[in-house]
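**Q** here are the coordinates; sequence isn't available:
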């Protein structure tokens, strides 16, 4: 049976088949926001070290503005950003801090700085992580317990979702964005199907020139240069 792009990325990241559709997957990029800093504090209190801090990248974007030049904190952000800075420094995590010129919405920073790459598996404690799929990556939003597991082991336990092929026919109305088609399709054609992915057949996709191919030499993306 022909594999989709999703199938290929999934298969390339399986560390161990756990049975019943579950697999232990290697994580190429762990993105951390100020909202996720609490999980780093929890890891420290549990005595858990980061397995691969060089594969983790952080930037405050939830409790603070991402407007260029802004460096002030409010009462809510003082604790979150403070924890993020402290833990990032202690653990060797690359932090794109306020005033650095690289701080921004982390799901935009990742693609802009070349951290999100085709074929990579990206996780973040944020529901918007799936948007990295637009770059040919596989993105999962994770919870606090999964955050600690990824941080300590650089792996994630997931049950493989089913694939769903969607075809759009005809001409789109002026101003229609790709995201609009997905937003329209999901609630009307697949209500309640929160565990599905839309994928095109592998034959209809072409790899971008120079796109890295994940391999089984873990960590698979560690050898790719990180923008400075």
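**A** Ah, there it is. Since this is a predicted model, take the numbers as computed values, not measurements.

**Q** which residues of this structure fall in strands?
**A** Assigned by DSSP state E, the strands in the chain fall at 14-19, 22-26, 29-32, 56-58, 94-95, 121-124, 138-141, 155-159, 162-164, 196-198.

**Q** Make a markdown table out of the ones you listed and add distance to residue 180.
**A** (Glycine included, C-beta is placed from N, CA and C.) Output for the strands of the chain, formatted as a markdown table (distance: least, Cβ to Cβ, whole Å):
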| stretch | distance to residue 180 |
| --- | --- |
| strand 14-19 | 34 |
| strand 22-26 | 30 |
| strand 29-32 | 25 |
| strand 56-58 | 29 |
| strand 94-95 | 34 |
| strand 121-124 | 23 |
| strand 138-141 | 19 |
| strand 155-159 | 28 |
| strand 162-164 | 18 |
| strand 196-198 | 14 |
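
**Q** Of those, which is nearest residue 70?
**A** Closest to residue 70 of the strands of the chain, according to Cβ to Cβ: strand 94-95, at 16.5 Å.

**Q** Quick one: mean pLDDT over that closest one.
**A** Average pLDDT, strand 94-95: 96.

**Q** mind checking which of the strands of the chain is nearest residue 8?
**A** For residue 8, the closest of the strands of the chain is strand 138-141, at 9.7 Å, according to Cβ to Cβ.

**Q** neighbours around residue 154, how many?
**A** Residues within reach of residue 154, counting by other Cβ atoms under 10 Å, total 22.

**Q** Surely it is in contact with residue 52?
**A** Yes - judged on Cβ atoms under 8 Å, residue 154 makes contact with residue 52 at a distance of 4.7 Å.
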